[in-house]
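**Q** Let me see the structure of the following:
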Amino acid sequence: MTAVLDKERVGAEDVNNAFLLENYLRMTDAELARRIEKVRKELGSRVVVLGHHYQRDDVIAHADLTGDSYQLSVMAAQRKDAEFIVFCGVHFMAESADILGQPHQKVILPDLGAGCSMADMATVEQVEDAWEQLKEIGVLKSKVAPITYMNSSAAIKAFCGKNGGVVCTSSNAVPLFDIYLKEFDKMMFFPDQHLGRNTGAKFGIAPEQMVLWNPFEELGGNTEEELHNAKLILWRGHCSVHGRFKPWHVDKIRKDIPDVKVLVHPECMREVVDISDLNGSTSFIINTVANAPSGTKWAIGTELNLVLRLQKQFPDKEIHLLAPDLCMCATMYRIAPPNLAWAMENIAAGNVVNQIKVDDETKHFALIALERMINFTEQNQEKKN
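**A** Modelled structure (predicted):
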């Protein structure tokens, strides 16, 4: 995988270059909004702008499609007229869009600094080293499935594709665990320990059968016996937003707001999930609030921008942030109107900037892992029907 910045065309000329990002940083909000909409109209169906649910409102205002990372990638690929996919999200999301996109589509991330701390907590080199250590002590003589959360690099998705594993989302983690627990002796789940632990707990996996792998310690900080006895090996990673919610936040808001229902994302630690009223993916959170009776009270443990948007969309319900000072995704916030305007106007001028391009071999094996997820999800849906 390489992230390609076309420096020969953009930014390498003198300071009078009309497309220097610094120029956009000095523009007013109104000017930026006008220019973005103007270039969107000029490009028409040649471009599709994607806005993740956690993105700021002044960017979402210009999005053609909004959703979670996987959903957006699929929808963008279906826009076959679109030559350019401008992904207002973070790096691993743009990689997924390139993997799932049409051959002619170019994926652009308006700010290359928009990464994901969780995804960065597991590198493919660390994962390969862990796998080799498990092989050396005989753990891989059992059937072990590597499962990666969507919030991971393309290289780790490819690792899963090569080794009989799969990708999962927070929406389909439960049905995928159901399948893999029946077909494999063990699972190694990365990079989010909390989603893995919370999903494993739903299947009655005991805490002593869920071991934590620290990539900076030999055998992940475990004994050989612990690894042989484990049903679920969890990578030591977490979401920098959801990992901040603590049980006392739940206790406090219930004390402050009588009759409030606590709704959290499964990336929260198990102690928080266990005492919440409901937990589920971003889509689950949105649908739960949308379908809730008027006048109900909700405290939501997820990213700030989504919760504030729900407050605006459903004024008939009382919606609160579970912990107001903790829940903004700072890396997602890096995508801002100046970056979007800069990227869009460069496209219109024939310059491709900040292109996210996954190499062919990585794309091939990552797609295998993603296709396994798609097939299993479709099979599960057919069983329900």
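**Q** I'd guessed A97 sits against A76; true?
**A** Yes - using CB atoms under 8 Å, A97 is in contact with A76, at 5.6 Å. Every C-beta, even on glycine, is put in place using the N, C-alpha and C of the backbone.
**Q** Find the residues that touch each one of those two.
**A** L50, I85, F87 (CB atoms under 8 Å, 6 or more residues apart in numbering).
**Q** Present these as CSV; the columns should include pLDDT, distance to D192 and secondary structure.
**A** As requested, the shared contacts of A97 and A76 are arranged in CSV below (pLDDT from 0 to 100; distance: CB to CB, whole Å; DSSP: H, G, I helix; E, B strand; the rest coil):
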residue, pLDDT, distance to D192, secondary structure
L50, 97, 22, strand
I85, 97, 25, strand
F87, 97, 21, strand
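**Q** ok, so of the residues you listed, who is nearest G350?
**A** For the shared contacts of A97 and A76, the closest approach to G350 (CB to CB) belongs to I85, at 17.0 Å.
**Q** hang on, isn't that closest one packed against V48?
**A** Yes - contact criterion CB under 8 Å: I85 and V48 qualify, at 5.7 Å.
**Q** Looking at these two, which is more packed in?
**A** Neighbour totals were compared for I85 and V48, and I85 leads with 29 against 25 (other CB atoms under 10 Å).
**Q** Distance of that one relative to M93?
**A** Here the criterion is CB to CB, to the nearest Å. By it, I85 lies 10 Å from M93.
**Q** which residues does the most centrally placed residue in the chain contact?
**A** Nearest to the geometric centre of the chain sits N151, at 4.1 Å (CA atoms, centre = their mean). Residues in contact with N151, defined by CB under 8 Å, 6+ apart, are S69, F92, C116, M118, A119, P191, D192, C239.
**Q** did I read that right, the fourth one in a helix?
**A** Yes - counting by DSSP: H, G, I helix; E, B strand; the rest coil, M118 is found in a helix.
**Q** Hmm, it is touching P191, no?
**A** Yes - contact criterion CB under 8 Å: M118 and P191 qualify, at 5.6 Å.
**Q** Which neighbours do the two have in common?
**A** Shared contacts of M118 and P191 (CB under 8 Å, 6+ apart): Y149, N151, G237.
**Q** Restricting to C-alpha, output the host helix or strand of L310 in CSV.
**A** Per DSSP states H and E: L310 is located in helix 304-313. Only the C-alpha atoms of helix 304-313 are listed here, as CSV (Å, rounded to 0.1, in the frame of the first residue of the first chain):
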residue,chain,number,x,y,z
LEU,A,304,-19.5,13.4,19.6
ASN,A,305,-20.4,14.5,16.1
LEU,A,306,-22.8,11.6,15.6
VAL,A,307,-24.6,12.2,18.9
LEU,A,308,-24.9,15.9,18.3
ARG,A,309,-26.4,15.1,14.9
LEU,A,310,-28.9,12.8,16.4
GLN,A,311,-29.9,15.6,18.8
LYS,A,312,-30.8,17.8,15.8
GLN,A,313,-32.5,15.0,13.9
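**Q** counting contacts, what elements does that helix pack onto?
**A** Judged by 3 or more CB pairs under 8 Å, 6 or more residues apart in numbering; DSSP states H and E, helix 304-313 is in contact with helix 57-60, helix 282-291, strand 297-301, strand 318-321.
**Q** Buried deepest among those, which one?
**A** Mean neighbour count (mean count of other CB atoms under 10 Å) peaks for strand 297-301 among the helices and strands packed on helix 304-313, with a mean of 24.
**Q** for the record, mean pLDDT for that strand?
**A** Taken as a whole, strand 297-301 has a mean pLDDT of 97.
**Q** Pull up the pairing partners for it, direction included.
**A** strand 261-264 (parallel), strand 318-321 (parallel) (DSSP bridges).
**Q** quick one on the thing from earlier: the helices and strands packed on helix 304-313: which one's closest to K363?
**A** When those are compared by CB to CB, helix 282-291 sits nearest K363, at 25.6 Å.
**Q** got the angle between the closest one and strand 297-301?
**A** 170 degrees (axes from the mean of the first three to the mean of the last three CA atoms, to 10 degrees).
**Q** Off-centre distance for helix 282-291?
**A** 17 Å (CA atoms, centre = their mean, to the nearest Å).
**Q** same question, stretch 267-286
**A** Worked out by CA atoms, centre = their mean, stretch 267-286 lies 16 Å from the chain centre.
**Q** neighbouring contacts of that stretch?
**A** So stretch 267-286 is contacted by 53, 68, 71, 118, 169-171, 192, 194-195, 197-198, 201, 238-239, 241-243, 245-247, 249-251, 261-266, 288, 300-302, 306, 310 (CB under 8 Å, 6+ apart).
**Q** just checking, Y149 touches L195?
**A** Yes - using CB under 8 Å, Y149 is in contact with L195, at 6.0 Å.
**Q** Count the neighbours of R254 for me.
**A** 16.
**Q** For it, which three-state class applies?
**A** When classified by three-state DSSP, R254 comes out as helix.
**Q** for it, what are its contacts?
**A** Applying CB under 8 Å, 6+ apart, the residues contacting R254 are V260, V262, A299.
**Q** In TSV, list those along with distance to C329.
**A** Listed next are the contacts of R254 as TSV, based on distance: CB to CB, whole Å:
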residue	distance to C329
V260	24
V262	20
A299	19
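**Q** how about the shared contacts of A97 and A76 in JSON lines, adding distance to E37?
**A** Converted to JSON lines, the shared contacts of A97 and A76 look like this (distance: CB to CB, whole Å):
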{"residue": "L50", "distance to E37": "16"}
{"residue": "I85", "distance to E37": "18"}
{"residue": "F87", "distance to E37": "19"}
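**Q** tell me the domain boundaries of this structure?
**A** The chain breaks down into these domains under automatic domain parsing: 2-115+332-353, 119-239+364-384, 242-321.
**Q** Confidence-wise, which of those is weakest overall?
**A** Per-stretch mean pLDDT for the domains of the chain is lowest at domain 2-115+332-353 (a mean of 87).
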